[in-house]
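Asks: Everything below, folded, please.
(one chain, ligands or ions: 1)
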Amino acid sequence: MKIDLRNALNRLAIFGVSAVAALLVYWLGYLFYVNEFKQLLHRESESALTEIQTLSDEVISTLALLNNQPLKGCDNEALTYLRKKLFLLKRVKEIGYSEGNLLKCTTGLGELTPPVVETAPDFIGPLKAAVWIDRPLSLFEDTLKGIVVRSGSYSAIFPREFIGNLIKIDTEWELVFFHNGQYKHVTGTEGVYRANLSRQLPFHTSLCSDKVPYCVAVAATHTFFYKQYHSSLVSCIGIAFLVFIISVILLTEFRDRYHSDSARIMRGFTNGAFFCLYQPIIELSSERVIGCEVLARFRDKDGDIYPDQFLPTIVRNKKTWAFTTLIIGRCLEEIKALNNNGEKFKININFFPQDIDSGEILEIIKSQTLKHVKFQFVVEIVESEQLMSKNSVHVLHELIGHGLQIAIDDFGTGYSNLRQLKKYHCHTLKIDRSFINEMEDGSIRSTLIPHILDIAKQVNANVVAEGIENTEQHKALVELGVAYGQGYMFGRPMSMEKLQAMLG
Ligand SMILES: Nc1nc2c(ncn2[C@@H]2O[C@@H]3COP(=O)(O)O[C@H]4[C@@H](O)[C@H](n5cnc6c(=O)[nH]c(N)nc65)O[C@@H]4COP(=O)(O)O[C@H]3[C@H]2O)c(=O)[nH]1
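Replies: Have a look, this model is predicted:
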């Protein structure tokens, strides 16, 4: 139930983190396109102002030139001169000649009879030029409205669309004439410039020219932005979804690895998941506890892992000696309080054959870790190929020379022959529990127990029978002459407190 809840929370966390990652990706994409859009508005404003400057340059230089030339009036010579000038201009479509407030002639219409009376201008532009915006050009052309700029006796006229399409994208914008802190609407949507000043719309840009007194304002709503970047934003959603899926897969993989047995076992070296249990070793005739075997256990928040699972992982990762020193350290800490009733209490510790073969175990001699007046430490090792090496035999002799005893674990299942056993000088043979298990069935294996006792006699070793579970086995082993035993009948692997209580 607890594990289920943790799994559910884990899954929830994975989905949560992935959703946050996906949102972040979408948000970054969104910000990127917002920035793109703002730059687009800025570029549009810049190019509009450039256009205005070019137009203004053309108008102002043309009017200055005309006002400075001597040919005035509306006679043929003067009109021909004006038409020649007009021919060279790109944007100005008509040139007019006025005297006072009377427009006397234009390049397109010739002399006007009667002359047209000019109204008051909309505003006075740069170099004191009078500007009329949206002036009906019916005088010149029926449907058009135009902009008229007059300086001195001459006016330049150009169609309104020259400044009507200054901004190419389909959004709101305004061109204003800006002078002495006052602005005057010229073209576009009236009010955009003012709205920009008070930042009323989410996207807005206002730029003023440093050459002519005009400003351009462009503004857009979120809806316009979404319309403009619709497909890009849909791609962002697609990418964010992909990020979500990949993140879920990677995090699930990471979680599975993190919770895999081998990762948990390796973390156990530092997070205190390994601990010791102690199984009593009994003198079978008196049922007195003469020692105990130290058995490693693993428990973390995900549950228990048993030795047959964690030992192979430790061997595979070449952590055998690190593991043994960890167990020895724990054990030494716990047995401090153990009362041995005056007799040397046996503490059997399991070692890996590879640490004997490599000589790593000799470290305990150098550090004198297992030298203790109260306890007799016993090095328990399973029979294996590594124990057959010359070095192993030499190392075992070194250990014995320093007061340690040797016990061959799971005896009867391994490699040793009598000659080899004699070389070990071991103190104890531990009969594998499979022999004891099958005693009641009278299997061939169980009939070998007397032979093992015989071998023990020949190598001068004690015998411990492992895995005694009932009184029948106990009785039969006593009758066969087995001196010591361990098994569930006398006590399962237990905590140090329980062992202490058992010893009384
Ligand atoms: N069915 C049954 N089983 C009984 C009975 N009495 C004891 N056992 C189990 O038999 C095993 C005895 O340990 P072992 O032969 O040294 O065999 C040990 C030992 O070779 C190895 N091991 C355990 N702890 C360590 C350690 O700290 N270092 C090393 N190198 N090996 C260890 O793992 C093996 C298995 O250990 P455990 O799972 O603790 O299993 C233990 C114990 O729990 C019984 O009456 N019936």
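Asks: lowest-confidence helix or strand of the chain?
Replies: helix 444-447 (a mean of 77; mean pLDDT, DSSP states H and E).
Asks: Residues contacting that one, please?
Replies: Outside helix 444-447, the residues that touch it by CB atoms under 8 Å, 6 or more residues apart in numbering are 412, 434-436, 438-439. C-beta here means a position set from N, CA and C on the backbone, and glycine is covered the same way.
Asks: Apply 7 Å and report the result again.
Replies: Contact with helix 444-447 is made by 434-435, 438-439, as judged by CB atoms under 7 Å, 6 or more residues apart in numbering.
Asks: next one: that helix to chain centre, how far?
Replies: 60 Å (CA atoms, centre = their mean, to the nearest Å).
Asks: List the buried residues in it.
Replies: Residues of helix 444-447 classed as buried: 445-446 (neighbour count, 16 or more other CB atoms under 10 Å).
Asks: before we move on, what about stretch 252-270?
Replies: Across stretch 252-270, burial judged by 16+ other CB under 10 Å covers 262, 264-265, 268.
Asks: Show me which residues of the biggest strand by length in the chain are buried.
Replies: When the chain is parsed with DSSP state E, its longest strand is strand 288-300. By neighbour count with 16+ other CB under 10 Å, strand 288-300 contains the buried residues 289-298, 300.
Asks: coming back round to it: the next helix-or-strand element following the least confident helix or strand of the chain: how far from the chain's middle?
Replies: Later in the chain than helix 444-447, the nearest helix or strand by DSSP states H and E is helix 449-459. On the basis of CA atoms, centre = their mean, helix 449-459 sits 63 Å off its chain's mean C-alpha point.
Asks: Just the CA trace of helix 449-459, in CSV.
Replies: Output of helix 449-459 as CSV, limited to C-alpha atoms (Å, rounded to 0.1, in the frame of the first residue of the first chain):
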residue,chain,number,x,y,z
ILE,A,449,27.5,-37.0,7.1
PRO,A,450,29.5,-39.7,8.9
HIS,A,451,32.1,-39.4,6.1
ILE,A,452,32.3,-35.7,6.6
LEU,A,453,32.8,-36.3,10.4
ASP,A,454,35.6,-38.7,9.4
ILE,A,455,37.3,-36.1,7.2
ALA,A,456,37.0,-33.5,10.0
LYS,A,457,38.7,-36.0,12.3
GLN,A,458,41.5,-36.4,9.8
VAL,A,459,42.1,-32.7,9.4
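Asks: What parts of the stretch 1-150 of the chain come near the ligand?
Replies: For the stretch 1-150 of the chain, there are no residues in contact with the ligand under the definition CB under 6 Å from any ligand atom.
Asks: how about the strands of the stretch 101-250 of the chain, start to end?
Replies: Secondary structure of the stretch 101-250 of the chain (DSSP state E, counting those that start in this stretch): strands at 102-106, 110-117, 123-124, 130-136, 145-151, 154-159, 172-179, 182-188, 203-208, 214-220.
Asks: Return the list of strands paired to the third one, each annotated with direction.
Replies: Same thing as strand 123-124. The strands beside strand 123-124 in its sheet (DSSP bridges) come out as strand 130-136 (antiparallel).
Asks: gap between residue 397 and the ligand?
Replies: According to CB to the nearest ligand atom, to the nearest Å, residue 397 stands 21 Å off from the ligand.
Asks: residues touching the residue nearest to that residue when sequence neighbours are not counted, list them.
Replies: Distances taken as CB to CB, 6 or more residues apart in numbering place residue 425 nearest to residue 397, at 6.6 Å, with adjacent residues excluded. The contact partners of residue 425, taken as CB under 7 Å, 6+ apart, are 396-397, 400.
Asks: Got phi/psi on residue 425?
Replies: phi 60, psi 40 (degrees, to the nearest 10).
Asks: what does residue 257 give?
Replies: Backbone torsions of residue 257, given as degrees, to the nearest 10, read phi -70, psi -40.
Asks: what comes up buried for stretch 420-440?
Replies: Result for stretch 420-440 [16+ other CB under 10 Å]: buried residues 421, 423-433, 435-437, 439.
Asks: Restricting to those residues, which residues neighbour the ligand?
Replies: For the ligand, the contacts drawn from those by CB under 6 Å from any ligand atom are residue 433.
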